[in-house]
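*Asks:* how would this look folded up:
(chains A and B)
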Amino acid sequence: MTDASLYAASPERSAEPEFRDYIALLKPRVMSLVVFTALVGLLVAPNPVHPMIAFTAILFIALGGGASGALNMWYDADIDAVMKRTRKRPIPAGRIARGEALALGLALSGIAVVMLGLAANLVAAGLLAFTIFFYVVIYTMWLKRWTPQNIVIGGAAGAFPPMIGWAVATGGVSLESVLMFGLIFVWTPPHFWSLALFMKSDYGDAGVPMLPVTHGRDATRRHILAYTLLLVPVSLALLATPIAGPAYLIAALVLNTRFVIGAVRIWRRDDAACTADDHRVEKRFFRLSLWYLFLHFGALLMDAALAQTGWGMF
Amino acid sequence: MSGFDRTTHELHHRRWGRNLGLGVVLIAFVAIVFGLTIAKVTTGADLQAYDHVARPALIEAE
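*Replies:* Numbering: from 1, shown residues only, chains lettered A, B, ... in the order given. This next block holds a predicted model:
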(Lines give C-alpha, C1' and ligand atoms only; values in the text may rest on other atoms or scores of the structure.)
Protein backbone atom coordinates (compact mmCIF):
# COMPACT_ATOMS: atom_id res chain seq x y z
CA MET A 1 0.00 0.00 0.00
CA THR A 2 1.25 3.51 -0.74
CA ASP A 3 -0.11 6.76 0.63
CA ALA A 4 -1.00 7.61 -2.97
CA SER A 5 -3.68 4.97 -2.89
CA LEU A 6 -5.32 6.68 0.09
CA TYR A 7 -6.64 9.25 -2.35
CA ALA A 8 -8.96 7.24 -4.51
CA ALA A 9 -10.21 9.18 -7.48
CA SER A 10 -13.48 10.95 -6.76
CA PRO A 11 -16.51 10.06 -8.91
CA GLU A 12 -16.01 13.31 -10.85
CA ARG A 13 -12.22 13.24 -10.94
CA SER A 14 -10.29 10.49 -12.61
CA ALA A 15 -6.79 11.95 -12.35
CA GLU A 16 -4.74 13.97 -9.88
CA PRO A 17 -4.75 17.59 -11.09
CA GLU A 18 -1.60 19.53 -11.81
CA PHE A 19 -1.08 23.23 -11.08
CA ARG A 20 -1.59 24.10 -14.74
CA ASP A 21 -5.09 22.57 -14.60
CA TYR A 22 -6.08 25.22 -12.08
CA ILE A 23 -4.55 27.87 -14.32
CA ALA A 24 -6.56 26.50 -17.27
CA LEU A 25 -9.68 26.87 -15.13
CA LEU A 26 -9.10 30.64 -15.13
CA LYS A 27 -9.28 30.84 -18.95
CA PRO A 28 -5.91 32.58 -19.46
CA ARG A 29 -6.67 33.51 -23.08
CA VAL A 30 -9.80 35.42 -22.10
CA MET A 31 -7.81 36.92 -19.26
CA SER A 32 -5.31 38.39 -21.74
CA LEU A 33 -8.10 40.41 -23.41
CA VAL A 34 -9.30 41.56 -19.98
CA VAL A 35 -5.77 42.64 -19.00
CA PHE A 36 -5.20 44.52 -22.25
CA THR A 37 -8.49 46.44 -22.34
CA ALA A 38 -8.39 47.21 -18.61
CA LEU A 39 -4.82 48.44 -18.93
CA VAL A 40 -5.77 50.73 -21.81
CA GLY A 41 -8.74 52.07 -19.80
CA LEU A 42 -6.38 52.82 -16.94
CA LEU A 43 -3.59 54.36 -19.00
CA VAL A 44 -5.73 56.65 -21.17
CA ALA A 45 -7.47 58.14 -18.13
CA PRO A 46 -6.44 61.71 -17.29
CA ASN A 47 -5.30 60.88 -13.76
CA PRO A 48 -1.86 59.28 -13.43
CA VAL A 49 -1.72 56.17 -11.27
CA HIS A 50 1.28 54.95 -9.27
CA PRO A 51 2.81 52.02 -11.22
CA MET A 52 2.52 49.62 -8.28
CA ILE A 53 -1.13 50.51 -7.74
CA ALA A 54 -1.78 50.17 -11.48
CA PHE A 55 -0.03 46.77 -11.57
CA THR A 56 -1.96 45.51 -8.55
CA ALA A 57 -5.26 46.78 -9.92
CA ILE A 58 -4.76 45.12 -13.31
CA LEU A 59 -3.64 41.90 -11.64
CA PHE A 60 -6.79 41.68 -9.53
CA ILE A 61 -9.06 42.71 -12.40
CA ALA A 62 -7.50 39.79 -14.32
CA LEU A 63 -7.96 37.52 -11.31
CA GLY A 64 -11.63 38.53 -11.12
CA GLY A 65 -11.98 37.66 -14.80
CA GLY A 66 -10.26 34.33 -14.17
CA ALA A 67 -12.52 33.62 -11.21
CA SER A 68 -15.62 34.18 -13.33
CA GLY A 69 -14.07 31.81 -15.91
CA ALA A 70 -13.76 29.11 -13.22
CA LEU A 71 -17.38 29.67 -12.15
CA ASN A 72 -18.44 29.48 -15.80
CA MET A 73 -16.64 26.13 -16.18
CA TRP A 74 -18.26 24.89 -12.97
CA TYR A 75 -21.76 25.65 -14.23
CA ASP A 76 -21.21 24.73 -17.88
CA ALA A 77 -19.40 21.42 -17.32
CA ASP A 78 -22.24 19.52 -19.03
CA ILE A 79 -22.07 21.72 -22.15
CA ASP A 80 -18.26 21.67 -22.20
CA ALA A 81 -18.27 17.86 -22.19
CA VAL A 82 -20.30 17.81 -25.43
CA MET A 83 -18.55 20.51 -27.42
CA LYS A 84 -15.42 19.56 -29.33
CA ARG A 85 -13.77 22.91 -28.59
CA THR A 86 -14.21 22.59 -24.80
CA ARG A 87 -14.06 18.84 -24.22
CA LYS A 88 -10.47 18.94 -22.99
CA ARG A 89 -11.13 21.54 -20.29
CA PRO A 90 -10.12 20.36 -16.78
CA ILE A 91 -13.63 19.45 -15.54
CA PRO A 92 -14.95 17.47 -18.55
CA ALA A 93 -11.51 15.85 -18.89
CA GLY A 94 -11.89 14.58 -15.30
CA ARG A 95 -8.86 16.36 -13.87
CA ILE A 96 -10.72 18.77 -11.58
CA ALA A 97 -14.00 18.16 -9.73
CA ARG A 98 -16.86 20.63 -10.23
CA GLY A 99 -16.92 21.47 -6.53
CA GLU A 100 -13.26 22.45 -6.64
CA ALA A 101 -13.92 24.83 -9.54
CA LEU A 102 -16.82 26.39 -7.63
CA ALA A 103 -14.73 26.84 -4.49
CA LEU A 104 -11.79 28.28 -6.41
CA GLY A 105 -14.05 30.64 -8.38
CA LEU A 106 -15.84 31.95 -5.30
CA ALA A 107 -12.63 32.36 -3.29
CA LEU A 108 -10.77 34.16 -6.07
CA SER A 109 -13.79 36.40 -6.77
CA GLY A 110 -13.80 37.54 -3.15
CA ILE A 111 -10.03 38.07 -3.06
CA ALA A 112 -10.04 39.98 -6.37
CA VAL A 113 -12.86 42.35 -5.39
CA VAL A 114 -11.53 43.07 -1.89
CA MET A 115 -7.96 43.59 -3.12
CA LEU A 116 -9.10 45.89 -5.95
CA GLY A 117 -11.10 47.90 -3.42
CA LEU A 118 -8.03 48.23 -1.20
CA ALA A 119 -5.62 48.94 -4.05
CA ALA A 120 -7.81 51.38 -5.99
CA ASN A 121 -11.28 52.41 -4.90
CA LEU A 122 -14.76 51.14 -4.17
CA VAL A 123 -16.18 52.15 -7.58
CA ALA A 124 -13.67 49.93 -9.38
CA ALA A 125 -14.26 47.10 -6.90
CA GLY A 126 -18.03 47.45 -7.28
CA LEU A 127 -17.76 47.33 -11.07
CA LEU A 128 -15.58 44.21 -10.87
CA ALA A 129 -18.06 42.52 -8.51
CA PHE A 130 -20.91 43.40 -10.87
CA THR A 131 -18.95 42.09 -13.87
CA ILE A 132 -18.39 38.73 -12.16
CA PHE A 133 -22.07 38.59 -11.17
CA PHE A 134 -23.18 39.53 -14.67
CA TYR A 135 -20.97 36.95 -16.39
CA VAL A 136 -21.76 34.09 -14.03
CA VAL A 137 -25.41 34.64 -13.11
CA ILE A 138 -26.91 36.73 -15.92
CA TYR A 139 -24.95 35.25 -18.84
CA THR A 140 -23.85 31.73 -17.83
CA MET A 141 -26.79 30.64 -15.67
CA TRP A 142 -29.59 32.48 -17.37
CA LEU A 143 -29.13 33.88 -20.88
CA LYS A 144 -26.75 31.34 -22.43
CA ARG A 145 -29.19 28.42 -22.33
CA TRP A 146 -32.33 30.46 -22.79
CA THR A 147 -32.10 32.92 -25.67
CA PRO A 148 -30.19 33.31 -28.94
CA GLN A 149 -29.59 36.90 -27.82
CA ASN A 150 -27.32 35.42 -25.12
CA ILE A 151 -24.10 36.90 -26.42
CA VAL A 152 -25.66 40.29 -27.20
CA ILE A 153 -26.54 40.97 -23.57
CA GLY A 154 -23.85 38.70 -22.13
CA GLY A 155 -21.26 40.63 -24.10
CA ALA A 156 -21.56 43.34 -21.48
CA ALA A 157 -19.48 41.19 -19.13
CA GLY A 158 -16.53 41.34 -21.50
CA ALA A 159 -17.05 45.05 -22.07
CA PHE A 160 -16.59 46.13 -18.46
CA PRO A 161 -12.77 45.79 -18.05
CA PRO A 162 -11.79 49.13 -19.70
CA MET A 163 -14.49 50.79 -17.60
CA ILE A 164 -12.97 49.24 -14.47
CA GLY A 165 -9.48 50.35 -15.54
CA TRP A 166 -10.80 53.89 -16.04
CA ALA A 167 -12.48 53.78 -12.61
CA VAL A 168 -9.18 52.70 -11.02
CA ALA A 169 -7.60 55.95 -12.25
CA THR A 170 -10.51 58.37 -11.94
CA GLY A 171 -12.69 56.83 -9.24
CA GLY A 172 -15.77 57.14 -11.44
CA VAL A 173 -17.54 56.55 -14.74
CA SER A 174 -17.56 59.01 -17.62
CA LEU A 175 -18.43 59.32 -21.32
CA GLU A 176 -15.04 57.95 -22.39
CA SER A 177 -15.37 54.80 -20.33
CA VAL A 178 -18.99 54.29 -21.41
CA LEU A 179 -17.91 54.51 -25.08
CA MET A 180 -15.05 52.04 -24.54
CA PHE A 181 -17.63 49.75 -22.95
CA GLY A 182 -19.94 50.34 -25.94
CA LEU A 183 -17.19 49.50 -28.42
CA ILE A 184 -16.66 46.00 -26.97
CA PHE A 185 -20.38 45.53 -26.30
CA VAL A 186 -21.44 46.13 -29.92
CA TRP A 187 -18.35 44.34 -31.29
CA THR A 188 -19.16 41.10 -29.43
CA PRO A 189 -22.20 39.90 -31.50
CA PRO A 190 -20.55 39.99 -34.96
CA HIS A 191 -17.39 38.50 -33.44
CA PHE A 192 -19.16 35.50 -31.89
CA TRP A 193 -21.77 35.00 -34.59
CA SER A 194 -19.08 34.74 -37.27
CA LEU A 195 -17.48 32.04 -35.08
CA ALA A 196 -20.85 30.34 -34.66
CA LEU A 197 -21.31 30.25 -38.45
CA PHE A 198 -18.39 27.89 -38.87
CA MET A 199 -18.78 26.11 -35.47
CA LYS A 200 -22.53 25.60 -35.91
CA SER A 201 -22.74 21.88 -35.26
CA ASP A 202 -20.77 22.24 -32.03
CA TYR A 203 -23.23 24.66 -30.43
CA GLY A 204 -26.15 22.69 -31.85
CA ASP A 205 -24.94 19.44 -30.28
CA ALA A 206 -24.66 21.14 -26.90
CA GLY A 207 -28.17 22.57 -27.11
CA VAL A 208 -26.94 26.15 -26.77
CA PRO A 209 -29.43 28.43 -28.56
CA MET A 210 -27.00 30.24 -30.82
CA LEU A 211 -28.55 32.34 -33.55
CA PRO A 212 -27.56 30.02 -36.47
CA VAL A 213 -29.26 27.13 -34.67
CA THR A 214 -32.49 28.90 -33.70
CA HIS A 215 -33.04 31.40 -36.53
CA GLY A 216 -30.92 30.01 -39.32
CA ARG A 217 -27.72 31.09 -40.98
CA ASP A 218 -29.28 33.76 -43.21
CA ALA A 219 -30.71 35.54 -40.18
CA THR A 220 -27.28 35.32 -38.54
CA ARG A 221 -25.64 36.92 -41.58
CA ARG A 222 -28.17 39.79 -41.46
CA HIS A 223 -27.55 40.25 -37.74
CA ILE A 224 -23.78 40.34 -38.29
CA LEU A 225 -24.21 43.12 -40.87
CA ALA A 226 -26.64 45.07 -38.67
CA TYR A 227 -24.39 45.00 -35.62
CA THR A 228 -21.32 45.82 -37.72
CA LEU A 229 -23.08 48.92 -39.10
CA LEU A 230 -24.10 49.86 -35.56
CA LEU A 231 -20.49 49.45 -34.44
CA VAL A 232 -19.24 52.17 -36.82
CA PRO A 233 -20.86 55.17 -35.05
CA VAL A 234 -19.91 53.77 -31.63
CA SER A 235 -16.30 53.47 -32.75
CA LEU A 236 -16.27 56.96 -34.29
CA ALA A 237 -18.01 58.54 -31.28
CA LEU A 238 -14.81 58.06 -29.28
CA LEU A 239 -13.23 60.64 -31.60
CA ALA A 240 -15.37 63.26 -29.88
CA THR A 241 -13.60 62.58 -26.58
CA PRO A 242 -10.15 63.78 -25.52
CA ILE A 243 -8.72 60.23 -25.32
CA ALA A 244 -8.86 59.64 -29.10
CA GLY A 245 -6.32 61.32 -31.35
CA PRO A 246 -4.76 60.88 -34.80
CA ALA A 247 -3.78 57.23 -34.27
CA TYR A 248 -7.33 56.35 -33.30
CA LEU A 249 -8.74 58.31 -36.24
CA ILE A 250 -6.62 56.36 -38.73
CA ALA A 251 -7.27 53.01 -37.01
CA ALA A 252 -11.02 53.60 -36.78
CA LEU A 253 -11.35 54.64 -40.43
CA VAL A 254 -9.33 51.71 -41.80
CA LEU A 255 -10.74 49.06 -39.48
CA ASN A 256 -14.38 50.10 -39.81
CA THR A 257 -14.11 50.17 -43.60
CA ARG A 258 -12.61 46.68 -43.67
CA PHE A 259 -15.07 45.37 -41.08
CA VAL A 260 -18.10 46.66 -42.97
CA ILE A 261 -16.76 45.21 -46.26
CA GLY A 262 -16.28 41.85 -44.49
CA ALA A 263 -19.81 41.94 -43.04
CA VAL A 264 -21.31 42.79 -46.45
CA ARG A 265 -19.41 39.85 -47.99
CA ILE A 266 -20.81 37.51 -45.34
CA TRP A 267 -24.33 38.93 -45.84
CA ARG A 268 -24.17 38.26 -49.59
CA ARG A 269 -23.16 34.62 -49.22
CA ASP A 270 -25.25 31.50 -48.96
CA ASP A 271 -24.62 28.07 -47.50
CA ALA A 272 -23.42 26.64 -50.81
CA ALA A 273 -20.68 29.28 -51.04
CA CYS A 274 -19.70 28.65 -47.40
CA THR A 275 -19.40 24.91 -47.96
CA ALA A 276 -17.50 25.41 -51.21
CA ASP A 277 -14.67 27.38 -49.60
CA ASP A 278 -14.95 25.96 -46.05
CA HIS A 279 -16.19 29.27 -44.56
CA ARG A 280 -13.13 31.14 -45.73
CA VAL A 281 -14.86 34.55 -45.61
CA GLU A 282 -16.38 33.91 -42.18
CA LYS A 283 -13.06 32.72 -40.76
CA ARG A 284 -11.29 35.77 -42.18
CA PHE A 285 -13.96 38.06 -40.69
CA PHE A 286 -13.52 36.36 -37.30
CA ARG A 287 -9.75 36.94 -37.40
CA LEU A 288 -10.32 40.53 -38.51
CA SER A 289 -12.67 41.05 -35.56
CA LEU A 290 -9.83 40.17 -33.18
CA TRP A 291 -7.54 42.71 -34.88
CA TYR A 292 -10.39 45.24 -34.92
CA LEU A 293 -10.64 45.33 -31.15
CA PHE A 294 -6.92 45.00 -30.47
CA LEU A 295 -5.99 47.84 -32.83
CA HIS A 296 -8.75 50.16 -31.62
CA PHE A 297 -7.48 49.91 -28.06
CA GLY A 298 -3.86 49.89 -29.23
CA ALA A 299 -4.55 53.17 -31.04
CA LEU A 300 -6.01 54.70 -27.88
CA LEU A 301 -2.83 53.69 -26.08
CA MET A 302 -0.71 55.20 -28.81
CA ASP A 303 -2.65 58.47 -28.63
CA ALA A 304 -2.09 58.57 -24.87
CA ALA A 305 1.64 58.13 -25.50
CA LEU A 306 1.58 60.84 -28.21
CA ALA A 307 -0.24 63.19 -25.87
CA GLN A 308 2.55 62.74 -23.33
CA THR A 309 5.02 63.95 -25.92
CA GLY A 310 2.80 66.81 -27.07
CA TRP A 311 2.04 65.24 -30.47
CA GLY A 312 -1.43 63.99 -29.63
CA MET A 313 -3.50 67.10 -30.23
CA PHE A 314 -5.16 67.83 -33.53
CA MET B 1 4.36 3.00 9.84
CA SER B 2 5.92 -0.08 8.39
CA GLY B 3 2.87 -0.81 6.23
CA PHE B 4 3.66 2.11 3.87
CA ASP B 5 5.81 1.93 0.79
CA ARG B 6 7.91 5.09 0.69
CA THR B 7 8.86 4.94 -2.99
CA THR B 8 8.11 8.05 -5.01
CA HIS B 9 4.95 7.76 -7.00
CA GLU B 10 4.08 9.78 -10.13
CA LEU B 11 1.32 11.28 -8.01
CA HIS B 12 3.94 12.75 -5.68
CA HIS B 13 5.46 14.64 -8.61
CA ARG B 14 2.11 16.14 -9.52
CA ARG B 15 1.43 17.06 -5.91
CA TRP B 16 4.91 18.60 -5.56
CA GLY B 17 4.25 20.73 -8.64
CA ARG B 18 0.95 21.88 -7.19
CA ASN B 19 2.43 22.70 -3.80
CA LEU B 20 5.29 24.57 -5.42
CA GLY B 21 2.85 26.58 -7.56
CA LEU B 22 0.73 27.45 -4.54
CA GLY B 23 3.82 28.43 -2.60
CA VAL B 24 4.93 30.79 -5.37
CA VAL B 25 1.44 32.31 -5.53
CA LEU B 26 1.37 32.91 -1.76
CA ILE B 27 4.83 34.48 -1.72
CA ALA B 28 3.84 36.68 -4.68
CA PHE B 29 0.68 37.72 -2.83
CA VAL B 30 2.67 38.76 0.25
CA ALA B 31 5.10 40.70 -1.98
CA ILE B 32 2.20 42.47 -3.72
CA VAL B 33 0.54 43.49 -0.44
CA PHE B 34 3.91 44.76 0.82
CA GLY B 35 4.58 46.68 -2.41
CA LEU B 36 1.08 48.13 -2.40
CA THR B 37 1.50 49.30 1.20
CA ILE B 38 4.78 51.02 0.36
CA ALA B 39 3.18 52.65 -2.71
CA LYS B 40 0.20 53.90 -0.68
CA VAL B 41 2.37 55.30 2.06
CA THR B 42 4.86 57.02 -0.23
CA THR B 43 2.17 58.60 -2.43
CA GLY B 44 0.46 60.08 0.61
CA ALA B 45 -2.84 58.28 0.19
CA ASP B 46 -5.48 58.95 2.80
CA LEU B 47 -4.15 57.59 6.05
CA GLN B 48 -6.02 57.22 9.26
CA ALA B 49 -4.58 57.75 12.68
CA TYR B 50 -3.29 54.79 14.66
CA ASP B 51 -6.67 53.96 16.18
CA HIS B 52 -8.66 54.85 13.03
CA VAL B 53 -9.91 58.07 14.60
CA ALA B 54 -8.59 61.34 13.20
CA ARG B 55 -6.74 63.18 15.94
CA PRO B 56 -6.21 66.93 15.49
CA ALA B 57 -3.10 66.62 17.60
CA LEU B 58 -1.55 64.30 14.99
CA ILE B 59 -2.16 66.69 12.10
CA GLU B 60 0.75 68.96 11.43
CA ALA B 61 0.06 72.65 11.64
CA GLU B 62 -0.16 74.46 8.28
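*Asks:* Find the residue closest to the residue of the stretch 51-200 of chain A found nearest chain B in space, skipping its chain neighbours.
*Replies:* Residue of the stretch 51-200 of chain A nearest chain B, by C-beta to the nearest C-beta: A:M52 (3.7 Å). The C-beta positions use only the backbone N, C-alpha and C, and glycine is treated the same way. Counting by C-beta to C-beta, 6 or more residues apart in numbering or on different chains, A:M52 lies nearest to B:A39, which is 3.7 Å off, once chain neighbours are set aside.
*Asks:* returning to what we had before: mind giving me the packing neighbours of the helix or strand hosting the residue of the stretch 51-200 of chain A closest to chain B?
*Replies:* A:M52 is located in helix A:51-75, with elements delineated by DSSP states H and E. Using 3 or more C-beta pairs under 8 Å, 6 or more residues apart in numbering or on different chains; DSSP states H and E, the elements in contact with helix A:51-75 are helix A:19-25, helix A:28-44, helix A:98-119, helix A:122-133, helix A:150-170, helix B:10-42.
*Asks:* Go through that helix and flag the buried ones.
*Replies:* The neighbour-count check on helix A:51-75 (16 or more other C-beta atoms under 10 Å in any protein chain shown) flags A:52-75 as buried.
*Asks:* Let me see the contact set for the residue nearest to A:M52.
*Replies:* Applying C-beta atoms under 8 Å, 6 or more residues apart in numbering or on different chains to B:A39 gives the contacts A:H50, A:P51, A:M52, A:I53.
*Asks:* didn't A:T86 look like it was pressed against A:D80?
*Replies:* Yes - the criterion here is C-beta atoms under 8 Å, and A:T86 meets it with A:D80 at 3.9 Å.
*Asks:* Find residues that contact each of those two.
*Replies:* A:P92.
*Asks:* before we move on, the earlier item: out of the helices and strands packed on helix A:51-75, which is closest to A:I266?
*Replies:* Nearest to A:I266, of all the helices and strands packed on helix A:51-75, is helix A:150-170, at 16.5 Å by C-beta to C-beta.
*Asks:* pLDDT below threshold where in the stretch 51-200 of chain A?
*Replies:* A:200 (pLDDT under 70).
*Asks:* Up against chain B, what does it have?
*Replies:* Applying C-beta under 8 Å from any C-beta of the partner chain, one finds that the stretch 51-200 of chain A approaches chain B through A:P51, A:M52, A:I53, A:T56, A:L59, A:L118, A:A119.
*Asks:* cutoff 7 Å now
*Replies:* For the stretch 51-200 of chain A, the contact set with chain B under C-beta under 7 Å from any C-beta of the partner chain comprises A:M52, A:I53, A:T56, A:A119.
*Asks:* Pick out the most distant pair among the residues you listed.
*Replies:* The most distant members of those, if one measures by C-beta to C-beta, are A:M52 and A:A119, lying 8.8 Å apart.
*Asks:* shared neighbours, those two?
*Replies:* Counting by C-beta atoms under 7 Å, 6 or more residues apart in numbering or on different chains, the contacts common to A:M52 and A:A119 are B:L36.
*Asks:* Leaving out sequence neighbours, find the closest residue to A:L59.
*Replies:* B:I32 (7.0 Å).
*Asks:* An error on my part: the question was meant for A:A81.
*Replies:* Here the residue nearest A:A81, using C-beta to C-beta, 6+ apart, is A:P92, at 3.9 Å.
*Asks:* and what of A:N72?
*Replies:* The shortest distance from A:N72 to any non-neighbouring residue, by C-beta to C-beta, 6+ apart, is to A:T140 (4.9 Å).
*Asks:* Quick check, that neighbour in contact with A:W74.
*Replies:* No - the pair A:T140 / A:W74 is not scored as a contact, 9.0 Å apart, by C-beta atoms under 7 Å.
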